[in-house]
Every structure is written in C-alpha cells, then in structure tokens.
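J.: Prediction below, plus the sequence it came from.
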Number of protein chains: 2
Amino acid sequence: MRLYSLFIGLVLTLLCGAAGAQDAATWIWAPGDFDIWLSNRMQVQRVERDVAWPPFWRMYSHQPQVNFMRRVDLAAPEDIVITVEGTYNVAIDGRFVHGDQRHIRVPAGRHALNIQVYNPASPPAVLVQGTTIRSDSSWTVGPRPNAPTADHAAHWHFAAPDDPPSHYRLATREVRPVAVERDAHGVLVDFGQETTGFVQLKNLIGSGRVTFYYGESREEAMSEEGAETLDNFTVAHHHRTFAAPTSRAMRYVRVRADRGLRFGDVALQYEYLPVTHRGAFRSSDDELNRIWDVAQRTLELNTREFFIDGVKRDHWIWSGDAVQAYLMNYYASFDGDTVKRTTWALRGADPVDMHINTILDYSLYWFIGIRDYVQYTGDTEFVQAIYPRMVTLMDFVLGRRNANGMLEGQPGDWVFVDWADMPKDGELTVIQLLFARSLEAMADCAALAHDDAKAATYRGLAADLKAKIRSAFWDPQRQAFIHGRKDGKTNPLVTRHPNMFALLFGDVDGGQADAIRRNVLMNDAVPKITTPYMRFYELAALAESGQQARVTREIKDYWGGMLRAGATCFWEEYDPNVQGAARYAMYGKPFGKSLCHAWGASPLYLLGRYYLGVKPTQPGYAAYVVEPDLGGLQWIEGKVPTPHGDVAVFADAARIKVTAAAAGAGVLHFASSTPPRSDTGTIRQAGDGRYELALEAGKSVVVERR
Amino acid sequence: MRLYSLFIGLVLTLLCGAAGAQDAATWIWAPGDFDIWLSNRMQVQRVERDVAWPPFWRMYSHQPQVNFMRRVDLAAPEDIVITVEGTYNVAIDGRFVHGDQRHIRVPAGRHALNIQVYNPASPPAVLVQGTTIRSDSSWTVGPRPNAPTADHAAHWHFAAPDDPPSHYRLATREVRPVAVERDAHGVLVDFGQETTGFVQLKNLIGSGRVTFYYGESREEAMSEEGAETLDNFTVAHHHRTFAAPTSRAMRYVRVRADRGLRFGDVALQYEYLPVTHRGAFRSSDDELNRIWDVAQRTLELNTREFFIDGVKRDHWIWSGDAVQAYLMNYYASFDGDTVKRTTWALRGADPVDMHINTILDYSLYWFIGIRDYVQYTGDTEFVQAIYPRMVTLMDFVLGRRNANGMLEGQPGDWVFVDWADMPKDGELTVIQLLFARSLEAMADCAALAHDDAKAATYRGLAADLKAKIRSAFWDPQRQAFIHGRKDGKTNPLVTRHPNMFALLFGDVDGGQADAIRRNVLMNDAVPKITTPYMRFYELAALAESGQQARVTREIKDYWGGMLRAGATCFWEEYDPNVQGAARYAMYGKPFGKSLCHAWGASPLYLLGRYYLGVKPTQPGYAAYVVEPDLGGLQWIEGKVPTPHGDVAVFADAARIKVTAAAAGAGVLHFASSTPPRSDTGTIRQAGDGRYELALEAGKSVVVERR
C-alpha cells in the first residue's frame, strides 16, 4: 500500500512536470477587491419590511482596473490559456499580443507578462493556465502596467474557467417543513428551527401576487403588520416552481397568495457556507452540551459570505460583533478564510473618512481582530497584504486624538461600547484601553510587515498611552479603573467595562488583577452587564481569573434560560423576566430582536479556551498551552482545532488525557493536590500545586492526579 | 406678441406656484461621480487594432452609495414624485417611508429628507419633482444619512424621469458618403472629411463576417495590416441594417465582408456633442480664414463627452492637451460644461497615488486649467465643489518635493514636457515654473473656497519657489532661463520651454521679458520647437510680446502647410519635409499619427486672444480688455464669447469697431500714430502712442485712427 502510494506520487510528479507544477492555477484579483464587492452584494439585500436598507456607512467599490504581472524565465516556449473577467489586453515585455488573446505562446527566455483588466461590474480577475506559468499568489497586481510598487495577488478556491469569482454563491440544499398549517387566508410553514434560504412554492397553478412574511417566531410570521422582513412577488402562470430570488432568515414563513394562484408545496433552499465542525465539546452536563450544539448552529448560520451579526437583522458586517465571532470560530470551525474576507470587507478601501461602521470602538476592534487572527493561525502573509490598510485606518484614528493624546467621540462618530446606560462622551477609559491594544496590534503587525520604523512608533505610542491611562484612570483607593474623564473632570463611576478589558489585555499586575476581580467583577454592587455582547468579555475575564465554576452557573442560567424558552439559536438579548411574544421586541419594534445572533454563541469560545483550556502562546500555535478546567463539572472532553490538526482533551478530577496537535510546542498545565503521574514525559512542578508537562507533537498523554 | 408672451408667463407662474418654482427639477448626483463613470465608459473603448486598450493610469469608480439630503419648511403638505437610479430608501426626519416609495406626501412644517441610494453600475442619482421640493444644487450629498459634512449636489441637463444620467449618449445624425469605390474584395467609403461615428450597412442580404478598417487617410483604410483601428463583426441574416456598436474616427472606411453577406449601402451615424459656434474670425487673408474654420472643426470633433486629445488616437483625456483645448474653447464655443466634466474626469477620486495621466507636468496643468476656467467663466461654485480634490492632489504633489523644495521625476513618474529631445531628469526649470503657477492657482482657488489659511500657505510656497527659481535658473549673463539642475549641477542649456512659460506667466520684469524675446524666442540658434503642442505656448508668448506679424507667418506656414497637404482637420504633428503616406507615420507605426488632434486647433486661441485681442482681466469677464492687433493683415473681424454675451470686433489700419458684452467693464486698448476719435466715450492717452477707451456694456463704439 505504501509503495503503491509512492508510485502514484511519482507518476503524478512526472505528469505535472517540474517543481511547483503540482499547484493548480487559481483565479486571482487585487487584495480586498473580491471581499468589498461581495460584501456590497450581500449587505444591500437587507430590508426593513418593504424598504431597502443598505448599510449607512461609507461603501467602497472594487478597483475597476487592475494589472496582473508576472516575470517568467522559460527553458522552452510555453502555451498558456488566459481567462479573464473584464475587458483586457496582454502584453509581453511591454508589447501587446494581437490576434487570439486567449491562447498565447510565451517565447523561451526571460519575459515580463502584463494583463491589464478593466471591469466595473465585478473585480478584475484572471485565470492563467500553462505548464509552468499559472496564476497564483506569486503574481503581483498594481494600478498600472509594471507598477513600481505592486501587491501580491489574492485568490480563494476558484480554479476553473467556468467558475470565476463573480459567479460565487453560497451552497444550497433543500430543506422540508416540519409542519404546515393552512387557514382561509394562507399557509404557515414551520421549518423546525432557525434557518436561512430561498422559499420555494412548488406545483403552482394560476398566477397572481404572493407575499412571504418571514418569522423567527411563529408570532412574527403571523403578524402581517409586524414581521421585520417580507417579500412581495408577482408570479406568472408559466412557472411550475417559484423560488424567492433573495435569501431570508426565518424559522417560519407565512405565505399569502392571490385567489388565482395555488401551490401544492412549500420548501426551502437552505443557503449556507459549508463549514467543518472541527471543534467539539462534551461534558457531564447535558444542558451545557445542548448549549454548545445550539451555539455551534448559531455561529454556523452567521458564518456566511462573511461573519454577520444576525441572520435576520442586520445581516450586515459589524466589527465589534465580528471580532467575537472570530474568537468563537477558532474553537468551532477554524475557518480562517471567512475571518480574512470579513476583515477586508469591514475595512473597505481608501480614503478613510469615517470609523468602521461609523463606530469609534469598532475601528479599534478591527486592529485587535487581526492580531488575534495571526495568533491563532500564524498567517503572516495576510498581515503583509492588509498592512497598508491598517496604516491608513490608524492614520485616521491618530488624527482624531485630543490634546491629551486620547480618543473621544468626534462629530459624526458613534461611541457604542455597549447598549448599557452610561455616559459616552469625553475620554472613556475603556476606549483608551482598546486604543492602546490597537496600537500594540499595529506594532506587532508592522513588525510582521517588516516596517520596523513604524513598529517602534506604534510601540512607543502604546506605552505612552498605557502610562497615561494608569495615571488618569486607576483609582488607587478603590483599586479599580474609573469610567473616564470629560472636559478635564474625572467621572468616578466604576463600571465593569474598562476593568474587564484591562484584565483581559494584561494591562494590570497580579495585585491589580485580584483587586479588579474582587472589587468589580465579583462585586454585585457594580452595575450588571445585560448584553450578551459585553458578557462575552465579562465571562472571559472571570474565566481568565479562574472563576470557571461561576461561569458555568452563568452560562446555564442565561443560555439555558433561552433554551427553556424554546430557542433553536441564541438571541441578540435575553431577559428571563420577560415572557411570551414580548420577548421578541427590541428597538421599539415588536419583532425587532434577532433570534440568531452571532454574539449569542460565546460559550463556544469560553468552553474551548477556558474549559478545554487550549490557547496559542505563539502565532499559529507554534507554542500553546493546554490547561483544562472542569468549572464545577464532573468531566469534560472535546477537541480544539489548530493549524496543525486538533488538540483532543479529556479531563475529570482524577485524569487528564491530551492528544497534542501534529506540530507546535504544547505544554499541559494542571493542578493536583498530590504528586501526579503520567504515562510519558516528565512532569515539572510549577509551585502552588501546579504542574507542567511538555506534550509530544501528535502523541497522546494521560496524567493521573488527585 | 409681447403681451401674449407675458400672459403665458403669468399662467406658467400661477401653475408652478411660489418663488423658485420656475426652476425645474434636475437629476442630481455626487460631484464628480457622473464624470468619472462617463469617462471610464468612453476611455475603455480605445483599441489598438483588435486589442482593447483602456488607459494605463489609475482608474476610479463613482461612489456606489450616496445620500441625498434636503431640509424643507412647508406651509402645507406636499406630494413629491421620486425617481431614482439605484436601490434606495426615503427617510423623513430619520424615519423610513414604507409602502409607495415613489409617490410620497411630505407633511407640513420643518423636515429633513434623506434619500439613500446604492448603485454599483452607474452613479447614484435622484430626481425629485414636487411643487416646491425639487432636486437641484440646493440639495446636499454625503456618504451617510445626515452626514455632518456634505457637498452640494451636482447636476447637468437631465430633467425627465425617463432621461436619467446613465442613459446619456452624444447626439447622432446620418452622414452620407461622398464617394464609394467597389473592388473584388470590398468597398472603400469616403465621407469627405474627418468624422466620428457608427458605420452602418444597409439593405443587408445573407449573413457572415464583416470587417471595418477605419482610415483617417485613404492609405490607412486600405492597409489591412496597418490600420490603427478595425472592428470585426458577425452579422446575422435577420438584420436589415447593421450598425457598429462602437463609434470610431475616420474619413474613410473599408468594408470587407464574407461572400455570403451583401449590403446595398454604407452610411455613418455621425456622433457629436452639439456645440454652438459662438466665436468667429474673418480677415483679409482667405487662407487664415480657412485655418480658423478647420481649427474649429478640429476642436469640435475633439469636444465630446470630454475634451479628448484626438478622435482616433488616443480618444483619451490628457491633462496637458485638455488645458489647451479649454483655452481654445473659450474663443470658439465657450462650453463651460465640457471643461468642468473634463476637469472632474482627469482628477478622478481619492486617494491619489500617481500623477494625472502618470505625468508630473500634467498634474500641474490641471490646477492651472481650473484657474483659467474661473478667469474666463467666473464660476466660483465649481471651484468650491472641486476644491477638496485640488487639495488632495496638491498634497500628493507637495509630498514629492525634493530637499530643495522642487519637483523632479520620482520612480513611476513620467516627465513629459514635450516630445523634444532634452534631458528630463533632475530639477527642470520649466517644471518649477509650472509648479509655482499651480501653487498660485491653488492660492486663488483656496480664497474662493473660503479657506484663507491654506490660501496664505500656497501663496507663500509660490513666492518662495519663484525666488528659488530666479536664483537657481536665471542666467544674468545670458539673460535667459537655463534648462535645469541635476544632482546639484546646473545644466546651462537654453531651451525655449522655460523662457516662454516665464513670459506667459508674468514671472519676469519688462527688461527680462525683452531679453527672453530677443535671446530666446526670436533667436534661431535656440533649438526649434517641433510639436504643435508646445508651439501653442511659443506662439502665445510671441504674441504676448507683440510679435503677431511673425505669428501670422508661422500660422500660414505650418497650418497652411497642412491644408495644402489635404488636411480636413489639423494633425498631431506636421513636418513639411515629409511627403506622401510617410506623413501618417508616428510612434513607429505606419498610421500612428492622429490626423484630428485638439492641440492642432490652437489658431482659435491665438486669433481670438491676440488678434481680436479680447481677454478677461477679472474672473468671468467682470473686467476685460479688447486690444485688436492686425498681425500684418489688412483687416480682421470676429466675435469672442463671454458669460455676458459676445464681444464683436472689427479692425483695420484706420478704424476699430467694438460691440461690448452685455455686462462687464470692458476697455479698448489700441495704438494710433495721430490723435484718434471715437463716436462715443472719452479716449484716454496711455503714452507711447497708445490709447484707452472704456466700453459701454452692450453698446458699440467706432474709433478712427491712423
């Protein structure tokens, strides 16, 4: 068997020719173009009932013209086939190729190829298929032929001439209703759980007008005046099956048709991004297991062309929401491509004249999300590609500092932080902490992009700012960060927000961290956080402080509460004190609440990072720790994806079993009240009943402890 | 008749309602968007034979999303009709209008209207038709609803719901051939003169492939291997008439069709921008009159969606060419709209990462062209609209100064100046003079845009630079500007280029001007200028020095030479020493030369400004001089357009007659060897046999002189 494989490999190598020949050609385009174009296409589909509602922030276009360039050195003439999306010409060494522009012979020797492509409708893109000359990321792209500065071409998974980037669509498959109710006025269809797709009417007879009222709840679908999304169509008699042209989110759809139009069947073309559930979690608590599953479904539905905030509303890309989805994703599907697409789409192009999503904090999260991405994936190529747009956004941010070098809302900025009722003008401590973290992210990314001068500048700015934050906002008496300062006057209010970020970002020493945990996080006198959005950070900060048992109780209470209320995905917001259809109201609208909201899936991150305890300590899991924590459960087990395969973990009070990733320096951290034993490796004492054991790549280890 | 008109006017006023109601609604869009979109559509149509050749510089897109905003204060509710190009919503006071999005009732009182429009295909545009609420330049546009900073909306002449901006096409009318020759292989059609349009085949029978070989000369059309432009089509039998979908330039077209395809007739849908020939010139010299007419035809053909360089080649917008076309236009058609469209199109959008057309000098001409535009038209609204893009381009230019504060070519820059053989690296004197002039233009425009701080900055930069230029490049011994400096070493070469610009821009005192005229312009030892492009400035500088008689000889020699060689429009370049078909070669290609090139039309400017002698001295002809110069001719007469009607001039040795414009303070300047007399007004002596006479607006005056 082994010999046979080797032989096949040899044959393939011979068939495919020289080194590198095994890499297939891919469609290529200018970095960011596909993502901007696709995000426009997706986001403008939002409606509020019958009103189109494109995003209200600056929208950019892809570049209408791009030159694709490659230098080649050929031993023999080579025939290449060029497929292009756009109007184009091909130049070899600066001279146009005349005649057949698709099948071209490149002469032997050193040559510079340039393909100039204009396409206002979709990103200029090319596919070049030859024996050794193939379009891939080794090509460069620029705004003019032989541009003096050029970027590496971007690509994804489009490899065939008839599969160009502009044809991209999510996958679909048919889903059948679980229940259909007919009454005198129409049909109510229940798909059994939250879903997204194109509603289909089958076996049509006649013609007329039909309206789909979509509902995440039965009540919403039945409310013709209140349903957040609806579509009107006029269906002609020559259709046998009618499919809505736009995908919508729903569990239910109510169909009302003119008397002259009858249909036999309703189905759904479920529309989805195929993702692999690499992450897994099981425990001794069935409710927690169900919470993991529903969280996974929630994140999966919101993982589409991009990470969106909610499948019904807004179906837009929000930076603050996305940066949390990224972290959940690293413990669920480890889908780096969707992180990259989302990062490009949020950023758009230049020039920058407003914050991402118009929100000050959302610009800052964007930088932090890129640093997180490198830490989990190790993909420095992406950082190098997006670094120029990081610089121009940071230039915009730096240009809006006040006289103290701090950020506060300027005219036109939205300072969001949280839906919580708190003062948001002036210098907020939490904003300065996010700003310092952004500057650190810039410094790290500048270093990866080999821009050492700017790396030093950003590092210096971050250090200065952090010193200013401590001096202005750390209250040494109360041992906590205060809320902020306005017009030179400090606001002594203590909120959870700055304190939990300071703890998560490691901006405090051990004593301060303990104080924050005691005085703020565990202090019921400090106003509670009510949105799942900020509870993500609050629960992470508690877990970071070793309070997993409390986190378990909070998860079972809040997320378990949603399940008990009938949720099939997790909601934008949940208040156990509200009952019945009133639960679905938000933003002053009876069904304004999103019932499938990405930020509702945060248990994925909490359970993966703080229970299974797997986290990278060097970019791309070159080094990582595994520090399982039962959080009050009898046992836990699961898998955490890494770029080098999964890390599998089982733990109960007496035993830990870890299977390490296929590469990377993993270390198991654990506690034991008596000296522990392992079946392989050497356990090292770390003091205070803590122990460490180096993991062997790709191997399993079992530790016995008490 | 008069009473009847008044009555009709009264009825219309009553029908249309209150103040301002006489202004019709127009389609509106964000400034620059239409021009960028239309210029992309036009410029990408260029081909080199069968190869598509879009411009090689950075191309921009229109903004895909624009918000249109208007505050209203209504005495009574008002019904408005909204027509939109794009996906849109309407909000009144921040709340969406549901239901009918086209027919909307705005309630009485104060309200903020916002129309959010997304359109990736063509500029987001709206037409709002109501009784008092109408889309026009009083609306503002911004990237987000209720944007804190917003621009005034742009518009042109689109006023009907079914005439949106994206439907814009040039006018067409049928032109018949003057001769048709048939041979065994095809048909050669002669339209009698240079023209542009869509070739049509009529009375088709059969089907098959047809090729059009276009020729500005008979030789080009007959050269299947050499014709610069050609189109291949497959014509199906169900066509009775086939029209080429793309407009091309030609005098001749050779049609070759498959044997199975026959056609009865060939015609042309001539494609043109309707312009009015407001300017006129006649003189005692018939050849000069013919030169005026052919120059007018040449400019007219190149005045299209934009001012282009040549109708065959490049059919692109070049800044250096355009700034000359603007000046000719002010003496021919006074078509300000085409100047504005061209200025927007050349500039594109932000960010700026290369010079206009990639050419350093072409960025500089762009600023100068805007200052010229204000001087001739007085349109300060345009300056205010485009000023932000002036600032960002100047920021780009200023960022590329060397340590001396001067401009020299950077990697990726094309330093053009002229096709002449001269060193173009390092600090060229001519470039610094253009740079100083650009800074002065910026200062003037900043003042018009009420940006006093920047006005002072630009003014200071210009003064500093001019002092540096004099100190570095004025040779006091030779009394002329030298060529430039490279790596700190001056190049003592004396060329015409910097000297003629210094003279035209008024950067020298009277003694220096005399010296330049004597030592450079009239000095045959200084290398001749061979391109009509730079002869524009050379002849203007000669005329500015009172050398009209020499200019007359030069025009008759050079432009007259082209006429004698059979030109029906003026050429890109003309060398009387080259004979036969070799005259059509350029750029290493047998028919590479453009035979209808805008810069060939410069006699329009020279004859209007320096013979009829009409020139504004304050923006928009608020003040102007009329200084007729016979240039060795027995008599001249003509008209020069202004924003306040035409100025009509007749002059011979004994008599000058001027009819002043309907407004503006005109002054007649003239010479007379004996005391002159006029039939009205008071003649004032200006010394040296020169006299001045103030003109009365709208009135004629006759001066007798010797």
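T.: Arrived safely.

J.: got the contact list for A:V66?
T.: Neighbour list for A:V66: A:29-30, A:33, A:116-117, A:123-124, A:141-143 [criterion: C-beta atoms under 8 Å, 6 or more residues apart in numbering or on different chains]. (Glycine included, C-beta is placed from N, CA and C.)

J.: repeat that for 10 Å
T.: A:V66 makes contacts with A:28-30, A:33, A:86, A:88, A:115-119, A:123-126, A:141-144, A:147, A:151, A:153, B:59, as judged by C-beta atoms under 10 Å, 6 or more residues apart in numbering or on different chains.

J.: longest strand anywhere in chain A?
T.: If you go by DSSP state E, chain A has its longest strand at strand A:186-202.

J.: Following the chain onward from that one, which element is next?
T.: Next in sequence after strand A:186-202, counting helices and strands by DSSP states H and E, comes strand A:205-206.

J.: Now do whichever helix or strand comes after that following strand against strand A:186-202, angle only.
T.: Later in the chain than strand A:205-206, the nearest helix or strand by DSSP H and E is strand A:208-215. Going by axes from the mean of the first three to the mean of the last three C-alpha atoms, to 10 degrees, strand A:208-215 is angled at 110 degrees with respect to strand A:186-202.

J.: Return the set of buried residues in strand A:208-215.
T.: Of all the residues in strand A:208-215, those buried under the rule 16 or more other C-beta atoms under 10 Å in any protein chain shown are A:208, A:210-215.

J.: quick one: which of the contacts of A:V66 sit in helices?
T.: A:D33 (DSSP state H).

J.: Just the buried residues from the contacts of A:V66, in PyMOL please.
T.: The buried subset of the contacts of A:V66, as determined by 16+ other C-beta under 10 Å, is captured in PyMOL by this line:
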select buried, (chain A and resi 28+29+30+33+86+88+115+116+117+118+119+123+124+125+126+141+142+143+144+147+151+153) or (chain B and resi 59)
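
J.: Could you pick out which of the contacts of A:V66 are located in strands?
T.: A:88, A:115-118, A:125-126, A:141-142, A:151.

J.: Closest one of these to chain B?
T.: If you rank the ones in strands among the contacts of A:V66 by distance to chain B using C-beta to the nearest C-beta, A:Y118 comes first, at 4.3 Å.

J.: So the closest one sits against B:W57, correct?
T.: No - using C-beta atoms under 10 Å, A:Y118 makes no contact with B:W57, being 11.9 Å away.

J.: Name all residues that sit in contact with these two at the same time.
T.: With contacts taken as C-beta under 10 Å, 6+ apart, A:Y118 and B:W57 have A:65, B:43 as neighbours in common.

J.: residue ranges with poor pLDDT in chain A?
T.: A:1-22, A:237 (pLDDT under 70).

J.: Could you identify the helix or strand that succeeds the top helix by length along chain A?
T.: When chain A is parsed with DSSP H, its longest helix is helix A:452-473. Going down the chain from helix A:452-473, the next helix or strand is strand A:474-475, by DSSP H and E.

J.: Off-centre distance for that next one?
T.: Remark: strand A:474-475 is offset 34 Å from the chain centroid, using C-alpha atoms, centre = their mean, to the nearest Å.

J.: for stretch A:432-442, same thing?
T.: Taking C-alpha atoms, centre = their mean, one finds the center of stretch A:432-442 at 20 Å from the center of the full chain.

J.: CA atoms only for it - export them in PDB, please.
T.: Extracted C-alpha coordinates of stretch A:432-442, given in PDB (Å, rounded to 0.1, in the frame of the first residue of the first chain):
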ATOM      1  CA  GLN A 432      -8.300  54.200  25.700                       C
ATOM      2  CA  LEU A 433      -7.700  50.600  26.700                       C
ATOM      3  CA  LEU A 434      -8.900  49.400  23.300                       C
ATOM      4  CA  PHE A 435      -6.800  52.100  21.600                       C
ATOM      5  CA  ALA A 436      -3.700  51.000  23.400                       C
ATOM      6  CA  ARG A 437      -4.400  47.400  22.500                       C
ATOM      7  CA  SER A 438      -4.900  48.600  18.800                       C
ATOM      8  CA  LEU A 439      -1.500  50.300  18.900                       C
ATOM      9  CA  GLU A 440       0.100  47.100  20.200                       C
ATOM     10  CA  ALA A 441      -1.600  45.200  17.400                       C
ATOM     11  CA  MET A 442      -0.300  47.700  14.900                       C
END
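
J.: the strands in the stretch 251-400 of chain A, which residues?
T.: Counting by DSSP state E, counting those that start in this stretch, the segments of the stretch 251-400 of chain A that form strands are A:261-262, A:265-272, A:280-283.

J.: so which of those strands gets nearest chain B?
T.: Across the strands of the stretch 251-400 of chain A, chain B has its closest neighbour in strand A:265-272 (20.2 Å, C-beta to the nearest C-beta).

J.: Give me the sheet partners of that closest one and which way each runs.
T.: strand A:171-175 (antiparallel), strand A:186-202 (antiparallel) (DSSP bridges).

J.: Can I get the ones you listed in a markdown table including mean neighbour count?
T.: Shown next, in a markdown table, are the strands paired with strand A:265-272 (neighbours: other C-beta atoms under 10 Å in any protein chain shown):
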| stretch | mean neighbour count |
| --- | --- |
| strand A:171-175 | 13 |
| strand A:186-202 | 20 |
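
J.: Would you mind giving the ones you listed as JSON lines with distance to B:R248 added?
T.: Formatted as JSON lines, those follow (distance: least, C-beta to C-beta, whole Å):
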{"stretch": "strand A:171-175", "distance to B:R248": "46"}
{"stretch": "strand A:186-202", "distance to B:R248": "45"}
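
J.: Could you chop chain A up by domain?
T.: Under the assignment automatic domain parsing, the domains of chain A span A:25-164, A:171-272, A:294-472+A:562-609, A:613-704.

J.: Kindly compare burial across those domains and name the winner.
T.: Ranked by mean neighbour count under mean count of other C-beta atoms under 10 Å in any protein chain shown, the domains of chain A are led by domain A:294-472+A:562-609, which reaches a mean of 21.

J.: Report the separation between the two terminal residues of that one.
T.: Domain A:294-472+A:562-609 has its terminal residues 18 Å apart, counting by C-alpha to C-alpha, to the nearest Å.

J.: Please produce TSV containing the strands of the stretch 251-400 of chain A, extended by distance to A:C596.
T.: Formatted as TSV, the strands of the stretch 251-400 of chain A follow (distance: least, C-beta to C-beta, whole Å):
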stretch	distance to A:C596
strand A:261-262	30
strand A:265-272	13
strand A:280-283	20
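
J.: Of all those, which one is nearest A:I317?
T.: For the strands of the stretch 251-400 of chain A, proximity to A:I317 was assessed by C-beta to C-beta; strand A:265-272 is nearest, at 16.9 Å.

J.: Just give me how far the closest one sits from the chain centre.
T.: On C-alpha atoms, centre = their mean, the centre of strand A:265-272 falls 25 Å from the chain's centre.

J.: ok, so of the buried residues of strand A:208-215, who is nearest chain B?
T.: Nearest to chain B among the buried residues of strand A:208-215, with distances taken as C-beta to the nearest C-beta, is A:T211, at 13.5 Å.

J.: Could I get the full set of helices for the stretch 601-706 of chain A?
T.: Along the stretch 601-706 of chain A, counting by DSSP state H, counting those that start in this stretch, helices occupy A:603-610.

J.: picking that back up, want to try CSV for the domains of chain A, with distance to B:G260 as columns?
T.: Below are the domains of chain A laid out as CSV (distance: least, C-beta to C-beta, whole Å):
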stretch, distance to B:G260
domain A:25-164, 24
domain A:171-272, 37
domain A:294-472+A:562-609, 49
domain A:613-704, 63
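
J.: quick one, which of those is nearest to B:T229?
T.: B:T229 lies closest, by C-beta to C-beta, to one member of the domains of chain A: domain A:25-164, at 12.9 Å.
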